[in-house]
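Novice: predicted model and sequence follow; I will ask about them next.
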Amino acid sequence: MRLVLASQSPSRRMLLENGGVSPVLHPANIDEESLIRASAGPAEETVAALARAKAETVAPLYPDDVVVGCDSMLLLDGTLQGKPHTVDATVNRWRSQRGKVAQLLTGHAVHYRGQWVVETVTTRIRFGDVSDADIEAYARSGEPLECAGAFTLEALGSWFIDSIDGDPSSVIGLSMPLLRRALYSFGLNASEFWS
């Protein structure tokens, strides 16, 4: 039995590897923008739906393995924010979020032999009052361009996050405590996946 990660996120892979797991990497190809537009529910349901869509795409290929899909978005001033993708969008995002508090929502969908655990973890992020020069340099580094909320907690972005209230691994991209609880609900132990 293996743990399959339906994601290409290096941060999620790092969390699993640091936790003793050598995941099978099978990124799911879904139309995230269409799913976001079609979602009429609360923000937490939107990110959970994205995570489930990823896991559903991959799960049929791994019927006897645990498949994990995740998606993260930042809820800032009542609006969901995805990945900025460009330097200019990153600069604009940081100028609007510096000095503020937002919620990072990470949806999880864990599948095992027809059973599902689908849940969203919410963590409060307090952004530092970052200088324009640091915002420009951070955006130009390329690091935040493909990150929910335009930041990382585990790398250069750590300079600019004053505090978090919640699960740090969820901010990085995958809640290890949630994954542990999901495995327990399936009658499995986390240690069964350690290399």
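Specialist: It's in.

Novice: for the lowest-mean-pLDDT helix or strand in the chain, output the C-alpha coordinates as PDB.
Specialist: Across the helices and strands of the chain, mean pLDDT, DSSP states H and E gives its lowest value to helix 32-38, namely a mean of 82. The C-alpha trace of helix 32-38 is given here as PDB (Å, rounded to 0.1, in the frame of the first residue of the first chain):
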ATOM      1  CA  GLU A  32      -9.500  24.800 -11.400                       C
ATOM      2  CA  GLU A  33     -10.800  28.100 -12.800                       C
ATOM      3  CA  SER A  34     -14.000  26.500 -14.000                       C
ATOM      4  CA  LEU A  35     -14.600  24.800 -10.600                       C
ATOM      5  CA  ILE A  36     -14.000  28.000  -8.700                       C
ATOM      6  CA  ARG A  37     -16.500  29.900 -11.000                       C
ATOM      7  CA  ALA A  38     -19.000  27.100 -10.600                       C
END
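
Novice: helix or strand next in line after it, which one?
Specialist: helix 43-58 (DSSP states H and E).

Novice: contacts for that next one, please.
Specialist: 4, 6-7, 26, 28-30, 32, 35-36, 39, 67-73, 75, 80, 105-111, 116, 118-120, 122 (C-beta atoms under 8 Å, 6 or more residues apart in numbering). Placement of C-beta: from N, CA and C, glycine included.

Novice: buried stuff in the least confident helix or strand of the chain?
Specialist: For helix 32-38, the neighbour count (16 or more other C-beta atoms under 10 Å) marks Glu32, Leu35, Ile36 as buried.

Novice: distance to Glu17 added to those residues, as CSV?
Specialist: Converted to CSV, these look like this (distance: C-beta to C-beta, whole Å):
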residue, distance to Glu17
Glu32, 25
Leu35, 28
Ile36, 29
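
Novice: quick one: which of these is nearest Leu16?
Specialist: Nearest to Leu16 out of the buried residues of helix 32-38 is Glu32 (C-beta to C-beta; 21.7 Å).

Novice: where along this protein do the helices fall?
Specialist: 10-18, 32-38, 43-58, 87-97, 132-141, 168-172, 176-185 (DSSP state H).

Novice: I'd assumed Thr122 was in contact with Gly166.
Specialist: Yes: here Gly166 lies in contact with Thr122, judged by C-beta atoms under 8 Å, at a distance of 6.6 Å.

Novice: any residues in contact with both of those two?
Specialist: If you check Gly166 and Thr122 against C-beta under 8 Å, 6+ apart, no residue is contacted by both.

Novice: can you add distance to Phe193 and give the helices of the chain back as a markdown table?
Specialist: Below are the helices of the chain laid out as a markdown table (distance: least, C-beta to C-beta, whole Å):
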| stretch | distance to Phe193 |
| --- | --- |
| helix 10-18 | 8 |
| helix 32-38 | 27 |
| helix 43-58 | 16 |
| helix 87-97 | 35 |
| helix 132-141 | 33 |
| helix 168-172 | 15 |
| helix 176-185 | 8 |
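
Novice: returning to what we had before: among the contacts of helix 43-58, the buried ones, what's the ChimeraX command?
Specialist: Those of the contacts of helix 43-58 that count as buried under 16+ other C-beta under 10 Å are selected in ChimeraX with:
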select :4,6,7,26,28,30,32,35,36,39,67,68,69,70,71,72,73,75,80,105,106,107,108,109,110,111,116,118,119,120,122
